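return a 3D structure for these sequence lines:
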Amino acid sequence: MNLNLKKTIRISSFVTMTFYLGVICAETAVIRIQKQVTVKAGFVKLKDVATIQENDEKLRSRLEEIVLTPTPPSGRKTRLRFDTIRLRLNALGFDMTEIEFQGNSSVTVYGFGKNNPNIRLTAGQIRLKKARQRKTVQLAEENVQREVGNYLRRIAPELGIVKLELDLKPGDVTKILKSEIPGWDISGGAPPWDRPQLFRIRFLDEYEIVQTINISVKVSPQPAIVVARYDIPRGQILTRKDLELTQVANVKEGIVRIEQVLGRETVKTLRREKPIRPNDIKKVPLVRRGDIVTVISQFGGIRAERNMIASDEGGMGDVIVVTTTDRKEKVFATISGLRTAAISAAKKKHYDSQVRPAGGLKIQYVPTSAISRSSRRKTVSRRTPKSRPPGILHPYGARRVRK
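Below you'll find the model as predicted:
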């Protein structure tokens, strides 16, 4: 009888232990991590990298839908470690004492297409893919430029507006786009600013894990250009009080010296604090088409003046064509003042050597020293008044020659 009692106690103990073990196993979720997987969706979920054993359907569904990381691009891979998955579950409030991990310590996740060599992208799909990659990199660069620019304005306000050229690594782009931008901690950078600068950026990613990246940046202060102090109407002559120098970002063309703008006339309305471009202004015309111009000819110690008609319009220093009052001869002259132009042998290179007027003649520039003495006497006796000093064919250094 004692023997039967002992057997009964042993059987009862075994059944009790089996029941408790079954209860424990039933209450513990088992996550078995795989070695490698290929994911098609945009994000990697826990069900993609592991098989989940759990009797509670609601809990199993919650575990399966947990997002772990973005899916790597086609042809790329990423590695998820056991610690990363565990931290993710812990951050979402799961009790780690009720979850058991089995299988591999890490899983390699491939973007769709890595293990599918038969899949080929069309030319249009390739262009679209590259465009998306460029847009992603551009967005990351804009975020870094904005935050580093704000940082430089705090530590070096004397730099003003700067242009930043970044050297981002492919791995940094993904980290930047997953970060919380307002919480960036930036350090680094020191004079001289014309050398490449190294900045250290620390931030929290979407899993609240501290990430650190080092970025090499070329800092280029923007040059100061001429802008209008206030709105200036069309047709106004610009003075120094109308202008100022300031730094303006992303300006392809502008004027950097106020002296290049002074005395110019506006051809359109200039807006306040907007860059003044060369096409917005013009020289004040000292000579207009049809004006009677006093042309001064200076050769050596001989000076002569003559009234001629301007065929062009121009400002100080411009070269224009002037004609005689009978419209038979044309020469080039440099505007030297209000309705005044000059010709000199020293500036012969500014003039065209030959001009063909309407009368079928051509005007050739010939210095007085190159004219033979017999030609001078013949021409002076026929074309020049007796009061004019000998040796001058024309006061403008040109003579008429038959074709």
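
which residues of this protein fall in helices?
For the chain, helices defined by DSSP state H occupy the ranges 2-27, 46-49, 57-64, 82-91, 123-155, 170-177, 373-383.

list the residues that contact residue 224.
By C-beta atoms under 8 Å, 6 or more residues apart in numbering, residue 224 lies in contact with 245, 246, 247, 256. The way it works is simple: take the backbone N, C-alpha and C, and place the C-beta from them, glycine included.

which positions in stretch 78-91 come out as buried?
78, 80, 84, 85, 88, 89 (16 or more other C-beta atoms under 10 Å).

repeat that for stretch 166-185.
Those would be 166, 168, 172, 173, 174, 175, 176, 177, 179, 184, for stretch 166-185 by 16+ other C-beta under 10 Å.

for stretch 56-64, same thing?
residue 63.

ok, stretch 37-57 next?
So, applying 16+ other C-beta under 10 Å, buried residues of stretch 37-57: 37, 38, 39, 44, 45, 46, 48, 49, 50, 52, 54.

next: stretch 151-167.
151, 152, 156, 159, 162, 164, 166.

picking that back up, can you tell me which of the contacts of residue 224 is nearest residue 231?
residue 246 (15.7 Å; C-beta to C-beta).

now do the closest residue in space to residue 139 that isn't next to it in sequence against residue 205, distance only.
In space, and not counting its chain neighbours, residue 139 is closest to residue 177: 6.7 Å by C-beta to C-beta, 6 or more residues apart in numbering. Counting by C-beta to C-beta, to the nearest Å, the gap from residue 177 to residue 205 is 10 Å.

do the same with residue 341
73 Å.

and those two? which has more neighbours close in?
Taking other C-beta atoms under 10 Å, residue 341 and residue 205 do not tie; residue 341 has more neighbours (26 against 16).

end-to-end on stretch 305-314?
20 Å (C-alpha to C-alpha, to the nearest Å).

kindly apply the preceding question to stretch 174-188 instead.
With C-alpha to C-alpha, one end of stretch 174-188 sits 22 Å from the other.

now tabulate the buried residues of stretch 151-167 in a markdown table and tack on pLDDT.
Listed next are the buried residues of stretch 151-167 as a markdown table, based on pLDDT from 0 to 100:
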| residue | pLDDT |
| --- | --- |
| 151 | 92 |
| 152 | 91 |
| 156 | 89 |
| 159 | 85 |
| 162 | 85 |
| 164 | 89 |
| 166 | 88 |
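
in those, find the pair that's most separated.
156 and 166, at 17.8 Å, using C-beta to C-beta across the buried residues of stretch 151-167.

where does the protein have low pLDDT?
1-27, 113-121, 181, 249-252, 344-403 (pLDDT under 70).

tally of neighbours for the nearest residue to residue 76 once chain neighbours are set aside?
Residue nearest to residue 76 in three dimensions, not counting chain neighbours: residue 111, with 5.3 Å by C-beta to C-beta, 6+ apart. Around residue 111 there are 19 other residues, counting by other C-beta under 10 Å.

and residue 111, how far from residue 128?
16 Å.

ok so, going back, from what I see, the residue nearest to residue 139 and residue 137 are in contact.
No: under the criterion of C-beta atoms under 8 Å, residue 177 is not in contact with residue 137, lying 9.7 Å apart.

longest strand anywhere in the chain?
In the chain, taking DSSP state E as the definition, the longest strand is strand 210-221.

each with direction, which strands does that one pair with?
Paired strands of strand 210-221, with direction, are strand 162-167 (antiparallel), strand 197-204 (antiparallel) (DSSP bridges).

relative to residue 102, which of those strands is closest?
Once the strands paired with strand 210-221 are compared by C-beta to C-beta, strand 197-204 is nearest, at 30.6 Å.

name the residues of the closest one that are buried.
For strand 197-204, by 16+ other C-beta under 10 Å, it's 197, 199, 201, 203.

alpha carbons only: can I get stretch 223-237 in CSV?
These are the backbone C-alpha positions of stretch 223-237, laid out as CSV (Å, rounded to 0.1, in the frame of the first residue of the first chain):
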residue,chain,number,x,y,z
PRO,A,223,31.1,88.8,-51.7
ALA,A,224,29.4,92.1,-51.1
ILE,A,225,27.6,93.5,-54.2
VAL,A,226,25.9,96.8,-55.0
VAL,A,227,22.2,97.0,-54.1
ALA,A,228,19.7,99.9,-54.0
ARG,A,229,19.0,101.4,-50.6
TYR,A,230,15.4,102.1,-51.6
ASP,A,231,13.1,101.8,-54.7
ILE,A,232,14.7,103.9,-57.5
PRO,A,233,12.5,104.7,-60.5
ARG,A,234,13.5,104.4,-64.1
GLY,A,235,15.5,107.2,-65.7
GLN,A,236,17.2,108.3,-62.5
ILE,A,237,20.9,109.1,-62.3
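
pull out the buried positions in that stretch.
Of the residues in stretch 223-237, those buried (16+ other C-beta under 10 Å) are 224, 225, 226, 227, 228, 232.

next one: the residue nearest to residue 139 from residue 168, what distance?
Per C-beta to C-beta, residue 177 is found 11 Å from residue 168.

between the buried residues of stretch 223-237, which is closest to residue 133?
Looking across these and measuring by C-beta to C-beta, the closest to residue 133 is residue 225, at 34.8 Å.

roughly how far apart are the residue nearest to residue 163 when sequence neighbours are not counted and residue 158?
Excluding the flanking residues, the one nearest residue 163 by C-beta to C-beta, 6+ apart is residue 220, at 4.4 Å. The gap separating residue 220 from residue 158 is 15 Å, by C-beta to C-beta.

do residue 136 as well
For residue 136 relative to residue 158 (C-beta to C-beta), the value is 34 Å.

same question, residue 207
In this structure, residue 207 and residue 158 are 40 Å apart, going by C-beta to C-beta.

repeat that for residue 274.
24 Å.

also residue 243?
23 Å.

how far does stretch 79-97 sit from its chain's centre?
Centroid displacement of stretch 79-97 relative to its chain, using C-alpha atoms, centre = their mean, to the nearest Å, is 43 Å.

can you list contacts of it?
31, 33, 44, 46, 49-50, 63, 66, 68-69, 99, 101, 104-109, 207-209.
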